[in-house]
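coordinates only, sequence not included:
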């Protein structure tokens, strides 16, 4: 399938759509029935594709305006995406904080258990170290409080992070970058011009009536 030289690759589908619409009109169907060349829809489609540049040039002004608006919209989308990427980078930089939030309760809990065991052993086997044993038990309780508090903070942080990620995913799924109305209008205007001024005149011009026939009837 030839790509119209004046059209970008992404606009090939619109060219084919206009061609299909043109071939389905009553005027083209009637002209095919009265044609002397014995052409069919497939033959006309091949002729239109081979002359895509000629057909597209009939709606060049509308296409240039559509391409200009699309380029501006693409640029605006690129600029709008940069702050999101920067925010994402900052979130990635917060990975160290997330690691601390996970490991702090574990380490504090281990310290609490260790201090309590040392204090218990000192109290049980070394009565002369009663003061040190009490200090170790107190340290164990302090570590346990730190473990509990850091675990609570970590859970809250994980919930907040999960909520942010879910919001970002929903925004992506719902299409965070809507297509501007002006761009949609420009596309429809170009499509109409391509069909009316390009495709239909070209196809009718390739059909000749059979002897005694009239394509304009």
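Cool, got the structure. No experiment lies behind these values; they were computed from the predicted model shown. Numbering: from 1, shown residues only.

number of nearby residues for residue 117?
By the measure other Cβ atoms under 10 Å, the count of residues near residue 117 is 12. C-beta here means a position set from N, CA and C on the backbone, and glycine is covered the same way.

for it, what are its contacts?
For residue 117, no contacting residues are found, by Cβ atoms under 8 Å, 6 or more residues apart in numbering.

could you say which helix or strand contains it?
Element membership for residue 117 (DSSP states H and E) is helix 95-125.

For that helix, the averaged confidence score.
The average pLDDT within helix 95-125 is 73.

Centre of the chain to the longest helix that the chain contains, how far?
Criterion DSSP state H: the longest helix present in the chain is helix 130-173. Mean-position distance between helix 130-173 and its chain equals 35 Å (Cα atoms, centre = their mean, to the nearest Å).

same for the helix or strand that comes right after it, what does it pack against?
Per DSSP H and E, the first helix or strand lying C-terminal to helix 130-173 is helix 181-193. Judged by 3 or more Cβ pairs under 8 Å, 6 or more residues apart in numbering; DSSP states H and E, the packing partners of helix 181-193 are helix 12-24, helix 60-93.

what about 7 Å?
If contacts are counted by 3 or more Cβ pairs under 7 Å, 6 or more residues apart in numbering; DSSP states H and E, helix 181-193 sits against helix 60-93.
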